[in-house]
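>>> One predicted model, sequence on top.
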There are 2 protein chains.
Amino acid sequence: MKDKVLTILKEGKDSFISGEKISEELGVTRAAVWKSINKLKDEGYFIDSISKNGYKLVSSPDLLTIYEIYDFLNTKYIGRNIIHFDTIDSTNTKAKALASKGAEDGTIVISEEQISGRGRLDRNWCSPKFKGIWMSVILRPNIDPINASTITLIGAAAVNKALKDFNIKTQIKWPNDIILNNKKLCGILTEMSSELNQINYIVIGIGVNVNISHEEFPKNINEIATSLKIEGGHNFSRQKLTAAILNHFEKLYEEFILDNNLSSTIDICRKNSYLIGKEIKLYNRGQLIAAKAVDISDEGLLVIEHKDGKIEKVISGEVTLHKE
Amino acid sequence: MKDKVLTILKEGKDSFISGEKISEELGVTRAAVWKSINKLKDEGYFIDSISKNGYKLVSSPDLLTIYEIYDFLNTKYIGRNIIHFDTIDSTNTKAKALASKGAEDGTIVISEEQISGRGRLDRNWCSPKFKGIWMSVILRPNIDPINASTITLIGAAAVNKALKDFNIKTQIKWPNDIILNNKKLCGILTEMSSELNQINYIVIGIGVNVNISHEEFPKNINEIATSLKIEGGHNFSRQKLTAAILNHFEKLYEEFILDNNLSSTIDICRKNSYLIGKEIKLYNRGQLIAAKAVDISDEGLLVIEHKDGKIEKVISGEVTLHKE
């Protein structure tokens, strides 16, 4: 109900719409319209109401609902169904639960805040209210599970490209982090449910630190993480950035799914790589390798050069810089 | 309560145990003991009761509870926690739900009947009540997700070995079916939840047609599926077979997980292969390949020989025989 009233007000643009007209259009009582208006006001919508003229939407709150993102979105199916929460434990956990119950391809779970946001390997992820983009995309690609890791790279490339639209130049730390001025700005957590050679669903969680201030980061995080606000000196529109990420994501994702073409994604990951040319340490299942990162392969693997000059392609692992 | 009374009766073996003694041991009233005894009788336990002497367990029903499997089980952790259902939609679906909530490594979900039993690619699986073994094992191996398919082979090898203990010689149709006299006796459905390079959990569903009769199979299934009863001419103990599968499974699984040794499993899959030497059709993501199966590789891949003599190792796919 409330959402339908909001849609009518938004369509009305800058003009007043009478309560009577809204009640007629929706087939509900004037009292019900009035109740919805009050609910919207509670959520932060500024609605002008004059008894003779009716209602006019003056301004919308900074929320990541479909109603606020809609105007900026040019996708076909990614983000066309947004499930929005005020607060949640973790958008990935919720997305997995919804996906296992059949939520459709391209559905987004987004929350203004995460209580138990997760990074890779069950690490905590700080997700303060209204300050970032905490979202998870549900995908059902018809690809082999062994190729699922490419979805992470597509996510990283999409975030990198979206930020470029805002004149922010970031680097991609293969396979799943976005770096700004040597600090972590965004993390990606891809999770998958699959059979032997068939994916049930993939959930790709994207967390972007947008308007978090120094003070809002936990102390020990300030040294390794940053936000757009900290680096840029001003607030950024979470709504526009969310839409931009989804727009770029769908484009790169479709290239891969429909045309088996990963070249744009790899090109972005390679040209904006944080690792290429650096001495790194790579952890994988208790094994530690010190080597030099030399390239990202056409399939999205990290190419490393061992001390003895041997070249190896790495499928997965945790990377730190040698100095860290 | 009921389970504790059952344990005491089982420990008592062939002797009568007084209701007083049971009530003292459990710290409950005589009436509570009497109630539990009646519940057990309802479940099919035959309990002799003489007012002076107390209670004696005469016979147990053919159920796949931990109490009935316990005596045959020699595992360390696989099957030490059995979650038993009278009826369920699908043991794999339930096991995945429990695993995502933290169910521990080695937990088994087992049901006397499945309403919506599933095979690969969401195909139906017929699972009539008390007539088969319908179970799912929850595993949390510290291996790379790309190696998860070996768990299916371990399951197939374990079932093959367990049936050998009952003098039933079966063949393994790579990667996930057990064949008896050219018909399907058992299917394995492995599902996984994972991050990029870490498995959250694996659920391996094992369905064995034990005491199903011709009449109990759906008509169209009779031509392609069979049961131990149909082929052997008599009923088999589901309890002993369940325990035998779990015993062999843990042994082969530990070899792989602890020692990275897959040789016993591959040896069983190779020596009892249903495919090696046969002309096959292999379907994978819409692609159809006609070739000859020539081996199972040391890593568990199917080795095929193309018409032009080219040898290829196949990771996954649906295999049918050329004549089918």
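Alright, I've got the coordinates.

>>> Might one say that residue A:36 is in contact with residue A:5?
Yes: using Cβ atoms under 8 Å, residue A:36 makes contact with residue A:5 at a distance of 4.2 Å. All C-beta atoms are positioned from the backbone trio N, CA, C, and that covers glycine.

>>> Of these two, give the one with the bigger neighbour count.
Neighbour count, other Cβ atoms under 10 Å in any protein chain shown: between residue A:36 and residue A:5, residue A:5 has more, with 28 against 21.

>>> could you point out which element follows the helix or strand hosting the more buried one?
Applying DSSP states H and E as the criterion places residue A:5 in helix A:2-11. Following helix A:2-11 in sequence order, the next helix or strand is helix A:19-26 (DSSP H and E).

>>> avg pLDDT for that next one?
Helix A:19-26 shows a mean pLDDT of 89.

>>> what's the angle between it and helix A:2-11?
Relative orientation of helix A:19-26 and helix A:2-11, computed by axes from the mean of the first three to the mean of the last three Cα atoms, to 10 degrees: 120 degrees.

>>> now for helix A:19-26, which elements pack on it?
helix A:2-11, helix A:30-42, strand A:54-59 (3 or more Cβ pairs under 8 Å, 6 or more residues apart in numbering or on different chains; DSSP states H and E).

>>> Let's have these in a markdown table, adding mean pLDDT and distance to chain B.
Converted to a markdown table, the helices and strands packed on helix A:19-26 look like this (pLDDT from 0 to 100; distance: least, Cβ to the nearest Cβ, whole Å):
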| stretch | mean pLDDT | distance to chain B |
| --- | --- | --- |
| helix A:2-11 | 88 | 31 |
| helix A:30-42 | 89 | 34 |
| strand A:54-59 | 88 | 40 |
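
>>> So for residue B:126, which of those sits nearest?
Closest to residue B:126 of these is helix A:2-11 (Cβ to Cβ; 45.0 Å).

>>> ok, residues contacting the closest one?
Here helix A:2-11 makes contact (Cβ atoms under 8 Å, 6 or more residues apart in numbering or on different chains) with A:17, A:22, A:25-26, A:33, A:36-37, A:39-40, A:45, A:47, A:55-57, A:67.

>>> Get me the contact residues on the stretch 151-300 of chain A for chain B.
When proximity is defined by Cβ under 8 Å from any Cβ of the partner chain, the stretch 151-300 of chain A lies next to chain B at A:152, A:175-176, A:189-198, A:200, A:284-285.

>>> Would you mind checking the residues you listed for buried ones?
Burial by neighbour count, judged by 16 or more other Cβ atoms under 10 Å in any protein chain shown, picks out A:152, A:175-176, A:189-198, A:200 from those.

>>> how about the residue in the stretch 151-300 of chain A that chain B sits nearest to, secondary structure?
Nearest residue of the stretch 151-300 of chain A to chain B: residue A:197, at 3.4 Å (Cβ to the nearest Cβ). Residue A:197 falls in the coil class when you classify it by DSSP: H, G, I helix; E, B strand; the rest coil.

>>> For the top helix by length along chain A, which residues meet the burial criterion?
Longest helix in chain A by number of residues (criterion: DSSP state H): helix A:238-259. Residues of helix A:238-259 classed as buried by neighbour count (16+ other Cβ under 10 Å): A:238-257.

>>> Tell me how many other residues surround the residue in the stretch 201-324 of chain A that chain B sits nearest to.
When scored by Cβ to the nearest Cβ, the stretch 201-324 of chain A has residue A:316 as its residue closest to chain B, at 3.4 Å. When neighbours are counted by other Cβ under 10 Å, residue A:316 registers 22.

>>> Quick check, pLDDT for it.
On the pLDDT scale, residue A:316 gets 77.

>>> who's in contact with it?
When contacts are counted by Cβ under 8 Å, 6+ apart, residue A:316 touches A:149, A:175, A:284, B:144, B:196-197.

>>> and residue A:115, how many neighbours?
10.

>>> With residue A:264 instead?
For residue A:264, the number of neighbouring residues by other Cβ under 10 Å comes to 16.

>>> Likewise for residue A:280?
Quick note: residue A:280 (other Cβ under 10 Å) scores 22 neighbours.

>>> part of a helix, is it?
No: Residue A:280 is assigned strand when assessed by three-state DSSP, not a helix.

>>> Report the beta-bridge partner residues of it.
Residue A:280 has these beta-bridge partners by DSSP bridges: residue A:291, residue A:321.

>>> Quick one: the helices in chain A, in order.
Residue ranges of the helices in chain A, as given by DSSP H, are A:2-11, A:19-26, A:30-42, A:66-69, A:91-100, A:149-165, A:228-232, A:238-259, A:263-271.

>>> Just say which of those is most tucked in.
Mean neighbours per residue, mean count of other Cβ atoms under 10 Å in any protein chain shown, is largest over the helices of chain A for helix A:149-165, with a mean of 24.

>>> Keeping just the C-alphas, turn that one into CSV.
Provided in CSV are the C-alpha atoms of helix A:149-165 (Å, rounded to 0.1, in the frame of the first residue of the first chain):
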residue,chain,number,x,y,z
SER,A,149,35.3,-17.7,-9.5
THR,A,150,35.0,-15.6,-12.7
ILE,A,151,31.8,-14.1,-11.2
THR,A,152,33.9,-12.5,-8.5
LEU,A,153,36.2,-10.9,-11.1
ILE,A,154,33.1,-9.6,-12.9
GLY,A,155,31.9,-8.1,-9.6
ALA,A,156,35.3,-6.5,-9.0
ALA,A,157,35.4,-5.1,-12.5
ALA,A,158,31.9,-3.7,-12.3
VAL,A,159,32.7,-1.9,-9.0
ASN,A,160,35.9,-0.5,-10.5
LYS,A,161,34.1,0.7,-13.6
ALA,A,162,31.2,2.2,-11.6
LEU,A,163,33.6,4.2,-9.4
LYS,A,164,35.3,5.5,-12.5
ASP,A,165,31.9,7.1,-13.4
